[in-house]
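Q: Any chance you could fold what I've pasted below:
(2 chains)
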Amino acid sequence: MTPGAHAADWLWLIPALPLLGALVNGFFGKSMQARWGTRPISMIGCGVLIAAFALSVYSFMRLLGSSEPRILEQSLWSWIAVGDLQADFGFRVDPLSAVMILVVSGVGALIHIYSTGYMHEDAGYYRYFAYLNLFVWAMLTLVLGSNLLMMFIGWEGVGLCSYLLIGFWFTDVQKAIAGMKAFLVNRVGDLAFVVGAFALFWGLQRHEAATLDFEALRSAVPLLMHDTIFGFHLPTFVGICFFIGATGKSAQIPLYVWLPDAMAGPTPVSALIHAATMVTAGVYMIGRTSALYELAPGALHVVAAVGGATALFAATIGLVQTDIKKVLAYSTVSQLGYMFLGMGVAAYAGGIFHLMTHAFFKACLFLGSGSVIHAMHHEQDIRKMGGLRKYLPVTYRTFLVSTLAIAGLPPLAGFFSKDEILWKAWSSPLGNPVLWALGAVGAGLTAFYMARLVFLTFWGECRADEHTKHHLHESPRSMTMPLVVLAVLAVVGGWVGIPAALGGRNHIEHFLAPVFGVVQSAADSHAGGAAREGHVTEFATPGHTSETHAGEGQLPEPRRGGVGHPAPQGTTGTHAAGHGHDPLEYVFMAISVAIALFGIGLAHHMYVRRPELPEQLATRFRGVYRTLLNKYWVDEFYAATILRGTHWLSRFLAAFDAIVVDGIVNGAATVTRWVSTFGGGVDHYIVDGAVNGVAWVFRTLGGQARRLQTGVVQSYVLVVFVGVAAIIVLSRFL
Amino acid sequence: MGVQHYLFVSAVLASLGVIAMVSRRNAVSILMGIELILNAAALNFVAFGRYGRETAATPWLSGQIFGIFTIVLAAAEAAIALAIIIAIYHARANINADELQELRQ
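A: Okay, here's the model as predicted:
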């Protein structure tokens, strides 16, 4: 138990409820659906989520009301206790987990409700809800788990559920393959994650401070400051391994390829898993292990660079896609890139803030697209849409609000979170203008392609065929209600993080600040426990506006020297890189708003005022257009290199198996056969020969002796008398 | 006339018996040869009994008594042998000794 943490014996219920729902729907759903229809399944599926959300809210309230340190904890049982490894089956709610469980269970509950409308005609309705509940269980375990192993349960669980849900309509081979692709790509990342966890544990073991508990890790990792593994700086190695894991789960370069294909799943699944929650697991994980990253600025640079590059790269692909869900998929990849950019410049709170706002508006966008697809009879090509705003007014309005939010227009949610990240990308000690430029250009592209999506889908003339047009209708209440709620959140969700420069208090940053960075323990006396408590409190004190980013405060230290213990106590509270009223900050805000407006304006010009322009541009810049349309041929590149390499390796190994391994086996058999033949010969000719030879000798002797018995009585008599005579004669002479 | 005359006659009888046994094929003839040899032996007993010294081991008339035993034995032996020969004749209709060789195998 973390010193000072508050016991909270209801925490286990938060993940357990969705698990219960998954079990009930999974095992009894089929017969329930056959007997009573979909209603009881919806009641269970949504009910457990709403209950979990209520408990999350309750936990959040308790957390707000509790004294420092703000940690609620419940350890159910000691799960693994082997040598130095102590892992509890326990849950912990700190500010970071609180934000995550609110988002997961809140957005999750809305999407469950939406699904009751979207999926109501599906024969696999019970199966769908079982998977969805199971996913929520896994995600809640991921964010509530108090140690790396608990997190790993959730980590693998969401991967599994993602596979199940992408391939939900598995009778379509393409969709089943998309599910497998997601699973396999995720496995690549998971491997790196596990390797990182092992390396971390190995390193701590050497300092006799082995632990996997997150709170304990925060004070233990500074011990690793000077350790190396395979010649690499250990924290950097672990950080990069974790980040590779995150690129798999959170769809970053180079492992993002599964996410666009994941759009094969039902649209609410895309909203829940592939936009709002699961893909944020990587971001959460980096926030959770931020203490480690504090020691490894190199790893943070990698995170920031990959995040920034992904943000721009995915946005460019999003420009030309024509499938409504594909556009949103690349948008998701791009937005996740922003989050990693934020994490990479040690603006952890900013990254988590964007995670939250993104969950609202991206879930809204996906559900909106689902509503459109529902209305269009599963038509996803935006070239065949248009003019839908008069048929789907609620969908249109919510979609528009979310689009403006993602584009980053004030005062909508996206503005505050994205601006926070961009500002940090410039101003943080780890930031630099290149990162900012990547983000800023990406932001412009985001505004452009999202506006394009709105204009092509909802504005102009309807390009659908008559039949579809005839049946266009607004979606049922169960679907529009979540849209409205999410749209409202997309508006107000950012208001918890209004920066000081705009007169806000940036509540979320202060709320989250205690979670990040190293906990300065008595690093000299490795044991940590009691001495730590005081410092946790110190970090956790919500500061005045111009202080306390535990993360930032810590950072310069390891960067400067790399010698000595990082983050001496004094750095806390003195450093103020954050929200001073730097005039530059206003300039940047103005720039990002201008960029967003420019993107929207350009889209308006191209797709509303002069609709022929995109065609012309596509013809003129044919090469660029084709490159983007084909997603830079990355899938083809992977197919040509990694897949073919793997096939080649497999064939090589198969040949190796057939020739060398089988050869050895067969050779051994041949040799054995030779030896056996020889042994058989020895046995046959020598051993048996000796035996038979003895028998032969006696038989021959017997055969000779047999001749004496002629059967002729007279000859016996003769022999007897000759013998008698011989005895008499001999007795005469002897 | 001494003991050697008796012994000579006895030796001739025994020799004739052996010759009869070896040379004749008929089982009855062989039996007669045996009888000759037995009588030769009995003649020896009687001769030694008449001319031999009396000792504690060989009291008076002991040779003659052995001769009578031998005659009785020869009678019994002849009875049994003739019974066997008749049995064989019943089974085989043949009493040639050199054709009765089944025991050889």
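
Q: where does the chain have low pLDDT?
A: Picking chain A for this. Scanning chain A for pLDDT under 70 picks out the ranges A:1, A:520-581.

Q: other chain: chain B
A: Filtered on pLDDT under 70, chain B yields the residue ranges B:103-105.

Q: for residue 56, phi and psi?
A: With no chain named, the answer covers chain A. Note on residue A:56: backbone dihedrals following degrees, to the nearest 10 are phi -60, psi -40.

Q: I was after chain B.
A: The phi/psi pair for residue B:56 (degrees, to the nearest 10) is phi -70, psi -30.

Q: And for residue A:78?
A: Main-chain dihedrals, residue A:78, degrees, to the nearest 10: phi -80, psi 120.

Q: With the one 3 residues further on instead?
A: Here is the backbone geometry of residue A:81 (degrees, to the nearest 10): phi -140, psi 90.

Q: for residue A:168, same thing?
A: Note on residue A:168: backbone dihedrals following degrees, to the nearest 10 are phi -60, psi -40.

Q: Contacts only, for it.
A: By Cβ atoms under 8 Å, 6 or more residues apart in numbering or on different chains, the contact list for residue A:168 reads A:124, A:127, A:128, A:131, A:175, A:265, A:266, A:269. The C-beta positions use only the backbone N, C-alpha and C, and glycine is treated the same way.

Q: which of those residues lies closest to chain B?
A: Proximity of those to chain B (Cβ to the nearest Cβ) peaks at residue A:127, which lies at 89.6 Å.

Q: For the helix or strand that closest one falls within, list the C-alpha coordinates in CSV.
A: Element membership of residue A:127 [criterion: DSSP states H and E] is helix A:125-144. Written as CSV, here are the backbone C-alpha positions of helix A:125-144 (Å, rounded to 0.1, in the frame of the first residue of the first chain):
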residue,chain,number,x,y,z
TYR,A,125,-26.2,-8.4,-30.9
TYR,A,126,-25.4,-10.3,-27.6
ARG,A,127,-21.9,-11.1,-28.8
TYR,A,128,-21.3,-7.5,-29.7
PHE,A,129,-22.3,-6.3,-26.2
ALA,A,130,-20.3,-9.1,-24.5
TYR,A,131,-17.2,-8.0,-26.4
LEU,A,132,-17.8,-4.3,-25.8
ASN,A,133,-18.2,-4.9,-22.1
LEU,A,134,-15.2,-7.1,-22.0
PHE,A,135,-13.3,-4.3,-23.7
VAL,A,136,-14.3,-1.8,-21.1
TRP,A,137,-13.3,-4.2,-18.4
ALA,A,138,-9.8,-4.5,-19.9
MET,A,139,-9.4,-0.8,-20.4
LEU,A,140,-10.5,0.0,-16.9
THR,A,141,-8.1,-2.7,-15.6
LEU,A,142,-5.4,-1.1,-17.7
VAL,A,143,-5.9,2.4,-16.2
LEU,A,144,-6.8,1.2,-12.7
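
Q: So for the next helix or strand after it, what gets flagged as buried?
A: Following helix A:125-144 in sequence order, the next helix or strand is helix A:148-166 (DSSP H and E). Judged by neighbour count using 16 or more other Cβ atoms under 10 Å in any protein chain shown, the buried positions of helix A:148-166 are A:148-159, A:161-166.

Q: Please apply the same query to stretch A:504-513.
A: Using 16+ other Cβ under 10 Å as the test for burial, stretch A:504-513 gives A:504, A:506, A:508, A:509, A:510, A:511, A:512, A:513.

Q: can I get those residues in a markdown table with secondary structure and distance to chain B?
A: Output for the buried residues of stretch A:504-513, formatted as a markdown table (DSSP: H, G, I helix; E, B strand; the rest coil; distance: Cβ to the nearest Cβ, whole Å):
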| residue | secondary structure | distance to chain B |
| --- | --- | --- |
| A:504 | coil | 127 |
| A:506 | coil | 122 |
| A:508 | helix | 117 |
| A:509 | helix | 118 |
| A:510 | helix | 120 |
| A:511 | helix | 116 |
| A:512 | helix | 113 |
| A:513 | helix | 116 |
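
Q: For the helix ranked longest in chain B, which residues meet the burial criterion?
A: Secondary structure of chain B per DSSP state H: the longest helix is helix B:62-92. By 16+ other Cβ under 10 Å, the buried positions in helix B:62-92 come out as B:62, B:63, B:66, B:67, B:70, B:74, B:81, B:85.

Q: In this structure the third one contacts residue B:43, no?
A: No. Applying Cβ atoms under 8 Å, one finds residue B:66 not in contact with residue B:43, separated by 11.2 Å.

Q: related to what we said a few turns ago, which of the buried residues of helix B:62-92 lies closest to residue B:5?
A: Nearest to residue B:5 among the buried residues of helix B:62-92: residue B:63, at 15.9 Å, using Cβ to Cβ.

Q: Spatially, what comes nearest to the closest one if we skip its sequence neighbours?
A: residue B:49 (1.8 Å; Cβ to Cβ, 6 or more residues apart in numbering or on different chains).

Q: Was I right to think the one you found contacts residue B:62?
A: Yes. Counting by Cβ under 8 Å, residue B:49 does reach residue B:62; the two are 6.2 Å apart.

Q: Distance from the helix or strand containing residue A:104 to the middle of the chain?
A: Following DSSP H and E, one finds residue A:104 within helix A:95-118. Centre-to-centre, helix A:95-118 and its host chain are 18 Å apart (Cα atoms, centre = their mean, to the nearest Å).

Q: what's the answer for stretch A:242-258, then?
A: In this view, stretch A:242-258 has its centroid 8 Å away from the chain centroid, taken as Cα atoms, centre = their mean.

Q: and the end-to-end length of it?
A: Start to finish, the residues bounding stretch A:242-258 are 19 Å apart (Cα to Cα, to the nearest Å).

Q: and it, which residues are buried?
A: A:242-258.

Q: Over to stretch A:64-82?
A: Applying 16+ other Cβ under 10 Å to stretch A:64-82 flags A:66, A:69, A:70, A:71, A:72, A:73, A:74, A:75 as buried.

Q: Let's check: the centremost residue of chain A is which one?
A: Taking Cα atoms, centre = their mean, the centroid of chain A lies closest to residue A:249, which sits 2.5 Å from it.

Q: Touching, that one and residue A:284? I think so.
A: No. Counting by Cβ under 8 Å, residue A:249 stays clear of residue A:284, with 9.5 Å between them.

Q: Give the closest residue to residue A:358 in space, chain neighbours not counted.
A: residue A:335 (5.0 Å).

Q: which is the next helix or strand following the helix or strand the one you found falls within?
A: Assigned by DSSP H and E, residue A:335 belongs to helix A:324-344. Once the chain leaves helix A:324-344, the next helix or strand it forms, by DSSP H and E, is helix A:348-375.

Q: residue contacts, the nearest residue to residue A:196 once chain neighbours are set aside?
A: Nearest residue to residue A:196, sequence neighbours excluded (Cβ to Cβ, 6+ apart): residue A:241, at 2.9 Å. The neighbours of residue A:241, taking Cβ under 8 Å, 6+ apart as the test, are A:192, A:193, A:195, A:196, A:199.

Q: Can you pull the residues of chain B lying near chain A?
A: B:18, B:21-25, B:30, B:97-98, B:100-104 (Cβ under 8 Å from any Cβ of the partner chain).

Q: Could I get the buried residue list for the helix or strand harbouring residue A:403?
A: Applying DSSP H and E as the criterion places residue A:403 in helix A:393-407. The neighbour-count check on helix A:393-407 (16+ other Cβ under 10 Å) flags A:394-407 as buried.

Q: The residue positioned nearest the centre of chain B: which element?
A: Against the mean C-alpha coordinate of chain B, by Cα atoms, centre = their mean, the closest residue is residue B:38 at 2.3 Å. Using DSSP H and E, residue B:38 maps to helix B:27-51.
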